[in-house]
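Trainee: Here's a sequence, model it:
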Amino acid sequence: MRRTNIPDAEVFKAAIQDEISRTSEGRYFHRLHAVLHVLDGSSSSDTARLYGDSPRAVEYWVQRLTSKGLSGLLDGNHPGRPTRLSVNDLADLRKDISRNPRELGYNQNLWDGLLLSHHLIQKYSISLGIRQCQRLFHQLGFSLQRPRRKASEADGLRQEAFKKTTTS
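Mentor: Reported below is the predicted structural model:
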């Protein structure tokens, strides 16, 4: 049989792999196909090479199939690292962020990642990086916004007139 020539095969391959790994069902069916290949008599390393996985992962899947059945191939719960702040601490922190930083003794008007990191060290003895503090803002339902700077001598009416008459 003649080999099929597919233009941009690598692009399609990457797109299909992304689609499979995007959902838990896709990953589950991928594992089913790989284990089925092993059950047909292929080695773990041949199966891994064919499906783009590590041989050890394929061995784990076969082991989980034999010990737990098909449910062993389902995605497990991946809770991630536990939070360092308790539920009560998060509620208190939400109240703190709702206030102006000056009310808490800081010399700036807006919360940012650096100030929140400093606040967590001072109040809760917890050290978090600036980026993690920015994520914490979003987790608590806040967004980082800065007011637009406005020149004090700017004439608003002249600016609006300029915007309306300027052509791009």
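
Trainee: can we go C-alpha only for contacts and neighbour counts from here?
Mentor: OK.

Trainee: pLDDT below threshold where in this protein?
Mentor: The model of the chain has pLDDT under 70 over residues 166-168.

Trainee: Return the set of buried residues in the helix or strand hosting Ser117.
Mentor: According to DSSP states H and E, Ser117 maps onto helix 113-124. Buried residues in helix 113-124, counted by 16 or more other C-alpha atoms under 10 Å: Gly113, Leu115, Leu116, Ser117, His118, His119, Leu120.

Trainee: show me the contacts for Leu120.
Mentor: The neighbours of Leu120, taking C-alpha atoms under 8 Å, 6 or more residues apart in numbering as the test, are Ile126, Ser127, Leu128.

Trainee: now the second one: how far from Leu116?
Mentor: Distance of Ser127 to Leu116, computed by C-alpha to C-alpha, to the nearest Å: 10 Å.

Trainee: Nearest residue to Ala57 in space, ignoring adjacent ones along the chain?
Mentor: Ala48 (8.0 Å; C-alpha to C-alpha, 6 or more residues apart in numbering).

Trainee: And the longest helix belonging to the chain, what's buried?
Mentor: In the chain, taking DSSP state H as the definition, the longest helix is helix 24-39. For helix 24-39, the neighbour count (16+ other C-alpha under 10 Å) marks Arg27, Tyr28, His30, Arg31, Leu32, Ala34, Val35, His37, Val38 as buried.

Trainee: now swap in stretch 41-54 and tell me
Mentor: Result for stretch 41-54 [16+ other C-alpha under 10 Å]: buried residues Ser44, Ser45, Asp46, Thr47, Ala48, Tyr51, Asp53.

Trainee: So which of those is the closest to Phe137?
Mentor: Ranked by distance to Phe137 (C-alpha to C-alpha), the buried residues of stretch 41-54 are led by Asp53 at 37.1 Å.

Trainee: Among the buried residues of stretch 41-54, find me the one that's closest to Gln134.
Mentor: Distances from Gln134 to those, taken as C-alpha to C-alpha, are shortest for Asp53 (34.9 Å).
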